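Peer 1: A structural model of the following input is requested.
(2 chains)
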Amino acid sequence: MLDLQYICDHLDEVKANCQNRGVQVDISPILSLRDQRRDFITQGDALRKEQKGTSGKIPKASAEEKPALIARGKELRGEVAKIEEQQKLIEQQLYALQSQIPNMTHPDSPVGRLEEDSVTVRKVGEKPNFDFEPKDHVEISQHLDLIDFEAGRKVAGHGFYYLKNEAVLLELALVQYAIEKLVAEGFTVTTTPDLARDEVLEGIGYIPRGDETQIYSIENSDLSLVATAEITLGGMMKDEVIDAEKLPLKIAGISHCFRTEAGAHGKATRGIYRVHQFTKVEMFGFTAPDLAASDEFHQMVLRIEEEIFQGLGLPYRVLDICTGDMGGSSYRKYDLEAWMPGRGSYGEVTSCTNCTDYQARRLSTRCRTAGKKGTQFVHTLNGTAIAVTRAMIAILENNQQADGSVVVPESLRKWVGKELIVAKK
RNA sequence: GGAGAGAUGGCAGAGUGGCCGAUUGUGCAACAUUGGAAAUGUUGUGUACCGCAAGGUACCGGGGGUUCGAAUCCCCCUCUCUCCGCCA
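Peer 2: So this is what the prediction gives:
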């Protein structure tokens, strides 16, 4: 979330930003809530001060004075409790309102509401020229016996699937390929929990357990299945104070991602494009709290994402995502969309986001700079290295041959163990 | 799963109802001393919130309770360690 002081001092900018982001929220009560909160704190502090003074006098007081002091102490206890309760109520309202306000936006981000308002920064790679009618990944995987949708539906329902045969090798190869790259780039690699506490989800900007939640939650617990390792990686430094000299922290994680995809019915539901579970390698960064540092990190993450797809030989385009299409935590966001011949269009395969201090404030992840007083909230960034299902669609569809076989990208062959995936007999 | 021990400031480690936001050691910083260093000495050294400031309030794993007053007493939870059992 945004800093309360900042919101109050920049009311008009924040309002305009909400407008650009397509977030409907009336932020005008915030000033009065802020003032009420301050009054309760001031009153509470004064009462507690008197309380301390009163109880402090008791051991030294004479027998005659004591009863009056004790009586006053009792009174004060009640008053303090009353004020604290009111303060808590106001703070809940304040928190609820503050949580609805999205992050501020990079001045260069395109303003717009729709996907189409995002700007294509560049296109890289050549789309394949087929001298036959290209199939989509569902047909290809049926022909090559790579994905069992039927079994997935039977066992876990629509949106679940079994990878089979070379698809399994491809998943493992993609993960290995991404991890090898990230180790070379100086990332600390991890495997993360696939579940996280709700407060961590909220800190990152997800809303578990709401009506429109995208999150699977575990009953009778405060745990939810993660929608991305961004959650578990960002949560790693919750409540920590990092020495500024150690920044930036570059951490990557392998996790499974679970999404209910509520409200996505009828929207590209064919195949493994939109599924309830997939495997992903994610990058995460904690940087010093200044825009120069986090912008630089953001560009690095984008560069790595592009190099990963260049290394796979897949054509893609880079989008500078418009204000209406980024999440609440985002300050700036780029997506990579790979060419997917089966759909005849580009499909999102990665995204990378600079969240500035928006997530860090709620997670209370701070840094200490030598010579600077106090602590500051760090900046956080995240980006996809490989989302296995989406990458696999692009590989199968772009590398298909006239005879129905699929060429394995050269960079994956050492793990897949073959150059060509052909139909089984 | 069973039994026990514990959680205090960067770290170590006192503190069992008021004089404790917290003894002390250590680490760190500044200064003094020195040709320079070691050693030594002095001073300082947490975070958050409210306030223009002076200052104030909160925080001893987390939450609740008892009390005029809680690091200290009571209840619940979490985590760590040791032992036993079980297990991929």
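
Peer 1: confidence score at A:Ala262?
Peer 2: Confidence at A:Ala262, expressed as pLDDT, is 76.

Peer 1: Over to the one 4 residues further on?
Peer 2: Note on A:Gly266: pLDDT of 60.

Peer 1: again, but for A:Ser330
Peer 2: The predicted local confidence for A:Ser330 is 96.

Peer 1: Just give me the neighbour total for it.
Peer 2: A count of nearby residues for A:Ser330, using other C-beta atoms under 10 Å, gives 27. Yep, even glycine has a C-beta here, placed from its N, CA and C like the rest.

Peer 1: element containing the residue lying closest to it once chain neighbours are set aside, please.
Peer 2: Leaving aside its sequence neighbours, A:Ser330 sits nearest to A:Thr353 (C-beta to C-beta, 6 or more residues apart in numbering; 4.8 Å). Per DSSP states H and E, A:Thr353 falls inside strand A:345-354.

Peer 1: gap between the nearest residue to A:Glu296 once chain neighbours are set aside and RNA strand B?
Peer 2: The spatially closest residue to A:Glu296, leaving aside those adjacent along the chain, is A:Thr287, at 7.9 Å (C-beta to C-beta, 6+ apart). Distance of A:Thr287 to RNA strand B, computed by C-beta to the nearest atom of the strand, to the nearest Å: 18 Å.

Peer 1: Please apply the same query to A:Thr365.
Peer 2: 12 Å.

Peer 1: so what's that residue up against?
Peer 2: Taking C-beta atoms under 8 Å, 6 or more residues apart in numbering as the contact definition, A:Thr365 lies against A:234, A:237-240, A:242, A:286, A:359, A:377-378, A:380.

Peer 1: Check A:Thr192 too.
Peer 2: A:226, A:229, A:232-233, A:253-255.

Peer 1: Among these, which ones are in helices?
Peer 2: With helices defined by DSSP state H, the entries of the contacts of A:Thr192 inside them are A:229, A:232-233.

Peer 1: and A:His158, backbone torsions?
Peer 2: Per-residue torsions, A:His158: phi -60, psi 140 (degrees, to the nearest 10).

Peer 1: To clarify, my last question referred to A:His298.
Peer 2: The phi/psi pair for A:His298 (degrees, to the nearest 10) is phi -60, psi -40.

Peer 1: and it, how many neighbours?
Peer 2: Neighbours around A:His298, by other C-beta under 10 Å: 26.

Peer 1: Could you measure from the residue in chain A that RNA strand B sits nearest to over to A:Val138?
Peer 2: Of the residues in chain A, the one nearest RNA strand B is A:Gly73, at a distance of 2.2 Å by C-beta to the nearest atom of the strand. Distance, A:Gly73 to A:Val138, by C-beta to C-beta, to the nearest Å: 74 Å.

Peer 1: Need the contacts of A:Thr365 in TSV (columns: secondary structure).
Peer 2: Shown next, in TSV, are the contacts of A:Thr365 (DSSP: H, G, I helix; E, B strand; the rest coil):
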residue	secondary structure
A:Gly234	helix
A:Met237	coil
A:Lys238	coil
A:Asp239	coil
A:Glu240	coil
A:Ile242	strand
A:Phe286	strand
A:Gln359	helix
A:Phe377	strand
A:Val378	coil
A:Thr380	strand
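
Peer 1: which of those residues are buried?
Peer 2: Among the contacts of A:Thr365, the ones that count as buried by 16 or more other C-beta atoms under 10 Å are A:234, A:237-238, A:242, A:286, A:359, A:377-378, A:380.

Peer 1: Run through the neighbouring helices and strands of whichever helix or strand A:Glu202 is part of.
Peer 2: Per DSSP H and E: A:Glu202 is located in helix A:198-204. Using 3 or more C-beta pairs under 8 Å, 6 or more residues apart in numbering; DSSP states H and E, the elements in contact with helix A:198-204 are strand A:223-225, helix A:229-235, helix A:358-363.

Peer 1: Which one of these has the poorest average confidence?
Peer 2: Among the helices and strands packed on helix A:198-204, strand A:223-225 scores lowest, at a mean of 88.

Peer 1: ok, and which of the contacts of A:Thr192 reach RNA strand B?
Peer 2: Restricting those to those touching RNA strand B (C-beta under 7 Å from any atom of the strand) yields no residues.

Peer 1: rewinding a little: how about the helices and strands packed on helix A:198-204, which one is nearest A:Gly56?
Peer 2: The closest of the helices and strands packed on helix A:198-204 to A:Gly56 is helix A:358-363. By C-beta to C-beta, the value is 37.0 Å.

Peer 1: Off-centre distance for the closest one?
Peer 2: 12 Å (C-alpha atoms, centre = their mean, to the nearest Å).

Peer 1: still on that earlier bit, out of the ones in helices among the contacts of A:Thr192, which are buried?
Peer 2: A:229, A:232-233.

Peer 1: With adjacent residues omitted, what lies nearest to A:Leu420?
Peer 2: Using C-beta to C-beta, 6+ apart, the closest residue to A:Leu420 is A:Ser405 (5.3 Å).

Peer 1: My read is that the one you found contacts A:Lys424, right?
Peer 2: No - using C-beta atoms under 8 Å as the test, A:Ser405 is too far from A:Lys424 to be in contact (11.3 Å).

Peer 1: quick one, which of these two is more surrounded?
Peer 2: Neighbours of A:Ser405 and A:Lys424, each counted by other C-beta under 10 Å, are more numerous for A:Ser405; the result is 17 against 9.

Peer 1: before we move on, back to that, which other helices and strands contact the strand holding A:Thr353?
Peer 2: helix A:291-311, strand A:316-320, strand A:332-340, strand A:379-387, helix A:388-398.

Peer 1: In its sheet, which strands sit next to it, and in what direction?
Peer 2: Next to strand A:345-354 in the sheet, as set by DSSP bridges, lie strand A:332-340 (antiparallel), strand A:379-387 (antiparallel).
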